[in-house]
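Enquirer: give me coordinates for this.
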Amino acid sequence: MSKSLPEEFLLSTESLLGPDRFAIFMDAMEQEPPVSIRVNPWKAALPWPPAAFADGVCERVGWCEEGYYLPLRPNFTFDPLLHAGCYYVQEAASMMVSLVARSLLTAPGSFVLDLCAAPGGKSTALRSVLPPGCLLVSNEPVRQRAQVLSENMQKWGHPDSMVTNCHARDFVSAGTEGLFSLIVCDVPCSGEGMFRKDPDSIGEWSTANVARCQRLQRQIVSEIWPCLRPGGILVYSTCTYNVHENEENVRWLQEQTGADILCVPTAEEWGITGSLLKGFHAPVCRFIPGLTRSEGLFMAVLRKRDDDGRAATREEQARKRLQTLDMGQTTAQKNRKHADGPTAREALSVSLDRSKYAMAELPYPTAIAYLRREAIALPEGTPTGYVIVTFRGHPLGFVKNIGPRANNLYPREWAIRSSHVPESYDEV
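Expert: Have a look, this model is predicted:
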């Protein structure tokens with residue numbers, strides 16, 4: 001690693017893991033992190049990924065049907081299929097949320113909340129596996145991060161999604177108590193599990209920050225707990241190793257609420273570790289580099305008891321209240337080149353009516369020019385008016401063809417900024 005790990009972190013982690021696991025962990029920290037992606041089942045047909053990703057065999061992620069390990073890291077920025085929402089670049093352990101949703105949420109038409117969702121990895125994973133008719137609310141309290149979340153959810157393209165920019169307490173104020181059948185709380189944490197992938201995060205670590213994060217995490221889950229339906233499921237996760245932010249918080253939440261901690265089906269070969277808090281034997285999941293092929297992650301699944309005593313919110317009323325929090329209309333309006341023109345959301349939606357607009361397939365260099373928001377030339381014979389441009393059949397967005405030129409309507413804030421552009425798709 002380019003930066004040394006803090007001595008206090010090393011001592012506490014060795015004590016937590018034990019000498020044998022700690023040695024495996026430290027050896028893994030000197031290795032390159034695995035590269036993994038998750039396919040959008042609504043857009044990309046298997047087998048996946050395309051040959052342009054890597055010259056080698058791509059292995060499946062055991063706990064996620066849509067997940068793949070790549071043998072090397074492509075230049076994802078310059079792959080139009082990423083921008084089209086055909087796949088998402090995600091750390092493998094975080095894909096575990098899709099297995100939880102598949103295993104434990106079976107009711108069509110449920111309301112689901114991803115509370116701390118930016119940049120969108122867990123939300124896109126959830127949206128890929130939720131039963132029919134479920135509405136996914138992806139929330140991020142930090143405005144700038146919420147904009148990134150909105151972009152990624154629009155590119156994923158599923159219509160039964162909305163993005164909100166709220167704090168946990170705002171959902172109670174909005175009248176959504178007892179509404180959500182599943183709430184995912186990937187809470188802000190001290191980020192120990194990101195040290196290998198993001199060495200800059202090492203400098204932000206301290207025992208004081210661990211204690212601060214523990215308090216914040218308890219506040220967040222306490223505020224959102226009333227919005228969970230009796231019998232509903234809350235997924236608590238962090239990307240850190242210490243027990244203070246993990247097992248201690250889960251035990252505290254169980255004591256405060258009387259929730260049941262559920263077992264998630266796992267396979268021995270995945271290398272997932274259980275509880276490391278002495279005397280606490282609940283079925284939690286720990287992903288530890290070297291033991292699992294992933295970065296660090298902790299996850300626990302809790303079910304609110306049916307005898308909670310809270311009445312569920314009437315869903316019709318709650319849906320209307322949620323719409324007042326939805327960023328989607330504002331974002332769509334910002335993405336319009338003309339007030340009456342179509343939006344990128346429409347072009348990227350899996351429910352797009354392809355008969356409504358002309359389509360223009362772009363070669364790779366032109367597709368990249370479009371994503372850089374440059375002027376492009378359309379194929380000869382393209383009709384005038386609003387046109388959806390595509391790469392390998394997948395929509396990227398709109399242009400307005402006015403004959404001699406086409407106005408690029410790709411959202412300005414989404415445009416590729418990097419100046420180093422591969423000459424061909426094979427170089428991605």
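Enquirer: got a list of what residue 301 touches?
Expert: By C-beta atoms under 8 Å, 6 or more residues apart in numbering, the contact list for residue 301 reads 100, 104, 233, 234, 235, 236, 261, 262, 264. Using the backbone N, CA and C atoms, a C-beta is placed for each residue, glycine as well.
Enquirer: can we see that at 10 Å?
Expert: Contact partners of residue 301, counting by C-beta atoms under 10 Å, 6 or more residues apart in numbering, are 96-97, 100, 103-104, 182, 184, 233-237, 250, 259-264, 282-285.
Enquirer: ditto for residue 226
Expert: Residues counted as contacts of residue 226 (C-beta under 10 Å, 6+ apart) are 168, 169, 171, 172, 176, 177, 178, 179, 304, 308, 310.
Enquirer: of those, which belong to helices?
Expert: 168, 169, 171, 172 (DSSP state H).
Enquirer: now the contacts of residue 226 in JSON lines, with pLDDT, distance to residue 153 and neighbour count?
Expert: Output for the contacts of residue 226, formatted as JSON lines (pLDDT from 0 to 100; distance: C-beta to C-beta, whole Å; neighbours: other C-beta atoms under 10 Å):
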{"residue": "168", "pLDDT": "96", "distance to residue 153": "19", "neighbour count": "23"}
{"residue": "169", "pLDDT": "95", "distance to residue 153": "23", "neighbour count": "15"}
{"residue": "171", "pLDDT": "95", "distance to residue 153": "18", "neighbour count": "27"}
{"residue": "172", "pLDDT": "92", "distance to residue 153": "23", "neighbour count": "15"}
{"residue": "176", "pLDDT": "92", "distance to residue 153": "19", "neighbour count": "25"}
{"residue": "177", "pLDDT": "92", "distance to residue 153": "25", "neighbour count": "19"}
{"residue": "178", "pLDDT": "92", "distance to residue 153": "25", "neighbour count": "18"}
{"residue": "179", "pLDDT": "93", "distance to residue 153": "20", "neighbour count": "29"}
{"residue": "304", "pLDDT": "97", "distance to residue 153": "26", "neighbour count": "23"}
{"residue": "308", "pLDDT": "59", "distance to residue 153": "30", "neighbour count": "19"}
{"residue": "310", "pLDDT": "57", "distance to residue 153": "29", "neighbour count": "14"}
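Enquirer: now, which of those sits nearest residue 212?
Expert: Nearest to residue 212 among these: residue 168, at 17.0 Å, using C-beta to C-beta.
Enquirer: which SS class is residue 360?
Expert: What DSSP: H, G, I helix; E, B strand; the rest coil gives for residue 360 is strand.
Enquirer: equivalent analysis for the one 5 residues further on, please.
Expert: For residue 365, the secondary-structure state derived from three-state DSSP is helix.
Enquirer: what about the longest strand in this structure?
Expert: In the chain, with assignment by DSSP state E, the single longest strand is strand 228-238.
Enquirer: what's the first helix or strand after it?
Expert: helix 247-257 (DSSP states H and E).
Enquirer: summarise which helices and strands that next one is packed against.
Expert: Identification of packing neighbours for helix 247-257 by 3 or more C-beta pairs under 10 Å, 6 or more residues apart in numbering; DSSP states H and E yields helix 207-224, strand 228-238, strand 260-262, strand 297-303.
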